[in-house]
Structures are given as structure tokens and as C-alpha cells.
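Colleague: Whatever this is, show me its structure:
(one chain, ligands or ions: 1)
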Amino acid sequence: MISNKLKIEIEKVKNSKFSQTDFKNLEFGATYSDHMLVVDYQNKQWTAPKIVPFQNLSMSPATSILHYGQSIFEGMKAYRGEKNDILIFRPEAHSKRMNASAKRLCMPEIPEEIFLEGLVELLKLDQQWIPSLEGCSLYIRPMMYASDEFIGVRPSNSYKFIIFTSPVSGYYKGTVKVKVETEFVRAAEGGIGFAKSGGNYAASLYPAKLAAEKGYQQLLWTDSNEHKYFEESGTMNVMFQINDTIITPPLSSSILAGITRDSILTLAKDMGIKVEERRVSIDEVITAHQNGTLKDAFGTGTAATITHIAAIHYNGKDLELPDPAKRELSNKLNKGLIDIKHGHAEDKHKWVHRIKVG
Ligand code: COI
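Modeller: Numbering: from 1, shown residues only. The predicted model follows:
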């Protein structure tokens, strides 16, 4: 339940960018709504939240984040419901995950009321930015970074928490071809792989660039000890369907605890689809492909939603997967999730936070 107790100072934009925005041609992550929420952490406490026009940040070259990477973020989405209501998908879960990341990165946790009430106020103010076109949504990016001007290695004493939003269409346009990565490592057990922190993404860029040069849009990361078991795909968690069972690697300290991953597993159980959270090896997937029991492989993520994998590249070969239109289980799960997010189906797990605007 999101209350409405926080006092938030609001400075509105003088000139909105809304009328110059082409909502029919949204590129993921390239357009920002008019305002942002900003909250500073100083002297061991969070100061009063403010909503201000979306703007550049000014910082010293000695600012801690620029050197030691103490930064975390979230990615969530809001949709248009009937009567123009604003529907935010699983904001409490995102607030919890942000704080799990904060703890690991030695950053202060953000009180849930600041995160949730700040978000609601921001969305009410920028509600016209929530696209209503099919396949589009308002992507919400909460972030926090170390803001001390100091280049000694220690946790920063001050931090900035910001939420800004971006109207988006899909992250991937259609299916992806992925390459199994057996040389480089995204994250190891005991590291920060489970946290949504910039460093995990930085570590993925060079191997992903090498794969992109060969025509693969993403990697399938494998475990750091043996390069034998699948982990995740960097922008998404990964699921395989062998026969009629959906199998996904279990959460660990090196895998992001995806909220879409959790939603899909929960929905699958609701629908009576068999799911297994267990280690899944490269060999198992290759064998299933050879004997025709590998029916599907797909990624799950807030940005990626459900993205079908068209081919898995391993050891010089592409394992081709079935036509996405024929992947019955993942398509059924995708539709079920879309219906809940848009308020068209019963929300029995209370995932959607509805803001009535009418
Ligand atoms: C998300 O799915 O929200 C992410 O943060 C992944 C990123 C690739 C956009």
C-alpha cells in the first residue's frame, strides 16, 4: 500500500518537450519525460525529496562514483489502464531489490516511502508521457550514486537518488541470436552479479561487442568456475523449455533476481505449467536440441519483457530454435503477463499499483 504522507517540493518545467516527442517512433532509452525526482543523502540521513525539471548533473571530476563505481539502479515500467489510470508494475518489489543492491554496494538503503511516494508523485505530474500505443510503456529508471568529492577508496558519505522516466517501445525488435560465453565472466559467486550495479554491465560490454561482431545480439553467460552451467543473459534472465517443462537457473549471488523472471515463474505455476529452478548445463541444452525436446529458449526482463531466442551459438554451431509464433507456453505466459500489467486480467498477486487519475 503506497501512502501519501511525504511532502515533496515541485518545480515544474517552463517548456515541456512533450509536443516535440514522436511517440510513434520511440527508440528505447533515448527520450526522457519532463521531470525527475531528486533526493540527497547527507549527514547520515535522506533530505527532503524534490521534483525538478529533467536536467544535467553537475559534479567534480573527483566525485567518488566516477572512480570506484558505487552506483545502483532499477528498471521498472508503468502502463495506461482504462480511464487513463496509471498502472505501475511491482513497485514494491523494485524498491526491495534496489535496497538489496544498496546493501551489497555499501550504500544507504532508500526508505520505501521515499521510493514509492516519490515515484507516484513523479508519475502523476508526468502522466501524459505514459504511452498508450500497443507494445509501449513508460520505463522508470531509479538510480543512486556516490556523490562525495573524494578520491580515497572508502564508501561515500553522500549519495544522490534520482528517478527519471522514459517512454519506450520494445528493447529488442523481435528475436535475438545469442552466443554462449565460455571465456569471459560476467560475475562470480560472492561478487556483485545479483545487484543491479553499473559494474556488472560494464564487465559485459567487451565480450558482448565481440559477439555482436559475429552477429549475436546477446551472450548467454555461464558459471565462472566451470563454464558449464547457464547463468543469465545480461539484459535478461534466461529460461529453456525442454518437453513441457520450463527450466531456469536458480538465483545465486551471480545472477540478477529478475522481477519479470519471478512473475513468469509465478504465472507458470498458476497456469499449471511445470517449472524447475535448477542448474541447466550447456550439454543438457545441446542434447535436448539434438533429440528434439528443446522447444523454446527465451529471456525475461523489464526492458526485454519476453524475448524469444532464435538461435544459440556454441562451439562454432548455431542451434536453431522453433518459430516464435509456435512457442505455445512462452506466448501464453507473455499474454498472461501483459494482461495483468494493463489491468485486463485478475491481479491475484497484487502486482499492479493503480493510480486513479479520472
Ligand atoms: C531492465 O530490464 O530494466 C534493465 O535494467 C536492463 C537494461 C538492459 C535496460
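Colleague: Provide a complete list of residue ranges assigned to helices in the stretch 101-250 of the chain.
Modeller: Taking DSSP state H, counting those that start in this stretch, the helices of the stretch 101-250 of the chain run over residues 112-125, 198-213.
Colleague: Pick the most deeply packed of those.
Modeller: Most buried of the helices of the stretch 101-250 of the chain by mean neighbour count (mean count of other CB atoms under 10 Å) is helix 112-125; its value is a mean of 20. All C-beta spots, glycine's among them, are computed from the backbone N, C-alpha and C.
Colleague: List the contacts of it.
Modeller: Contact partners of helix 112-125, identified using CB atoms under 8 Å, 6 or more residues apart in numbering, comprise 2-6, 8, 10, 12, 34-37, 39, 46, 49, 51, 78, 86, 88, 91-92, 94-96, 98, 130, 138, 140, 142, 161, 163, 165, 353, 355, 357.
Colleague: Show me just the buried residues among these.
Modeller: Of the members of the contacts of helix 112-125, the ones counted as buried by neighbours, 16 or more other CB atoms under 10 Å, are 2, 8, 34-37, 39, 46, 49, 51, 78, 86, 88, 91-92, 94-96, 98, 130, 138, 140, 142, 161, 163, 165, 353, 355.
Colleague: What separation is there between residue 143 and the ligand?
Modeller: Going from residue 143 to the ligand by CB to the nearest ligand atom, to the nearest Å gives 10 Å.
Colleague: let me fix that: residue 101
Modeller: The gap separating residue 101 from the ligand is 11 Å, by CB to the nearest ligand atom.
Colleague: In this structure that residue contacts residue 75, no?
Modeller: No: contact criterion CB atoms under 8 Å: residue 101 and residue 75 do not qualify, at 11.9 Å.
Colleague: Between those two, which is the more surrounded one?
Modeller: residue 101 (24 against 21; other CB atoms under 10 Å).
Colleague: Tell me who's in contact with the more buried one.
Modeller: Residue 101 touches 72, 107, 195-197, counting by CB under 8 Å, 6+ apart.
Colleague: again, only using 10 Å
Modeller: Residue 101 sits next to 71-74, 107, 109, 144, 192, 194-197, 200, 256-257 when contact means CB atoms under 10 Å, 6 or more residues apart in numbering.
Colleague: Mark which of the residues you listed are part of strands, please.
Modeller: By the criterion of DSSP state E, membership of the contacts of residue 101 in strands covers 71-73, 144.
Colleague: Quick check: residue 247 touching residue 279?
Modeller: Yes: if you go by CB atoms under 10 Å, residue 247 and residue 279 touch, sitting 9.3 Å apart.
Colleague: which one of those two has more residues nearby?
Modeller: Between residue 247 and residue 279, counting by other CB under 10 Å, residue 247 is the more crowded of the two (22 against 15).
Colleague: Can you tell me how far that one is from residue 238?
Modeller: Applying CB to CB, to the nearest Å, the value for residue 247 to residue 238 is 10 Å.
Colleague: Show me whatever sits in contact with both of these two.
Modeller: Common neighbours of residue 247 and residue 238 (CB under 10 Å, 6+ apart) are 230, 280, 297.
Colleague: Serialize those to CSV and add fields for distance to residue 320, neighbour count and pLDDT.
Modeller: Formatted as CSV, the shared contacts of residue 247 and residue 238 follow (distance: CB to CB, whole Å; neighbours: other CB atoms under 10 Å; pLDDT from 0 to 100):
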residue, distance to residue 320, neighbour count, pLDDT
230, 18, 27, 98
280, 19, 21, 98
297, 11, 28, 98
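Colleague: Those residues in strands, which ones?
Modeller: Secondary structure from DSSP E places residue 297 of the shared contacts of residue 247 and residue 238 in strands.
Colleague: Would you mind listing what in this protein touches the ligand?
Modeller: When proximity is defined as CB under 6 Å from any ligand atom, the chain approaches the ligand at 75, 235, 301-304.
Colleague: which one of the residues you listed sits closest to the ligand?
Modeller: Within those, proximity to the ligand (CB to the nearest ligand atom) peaks at residue 75, which comes in at 2.0 Å.
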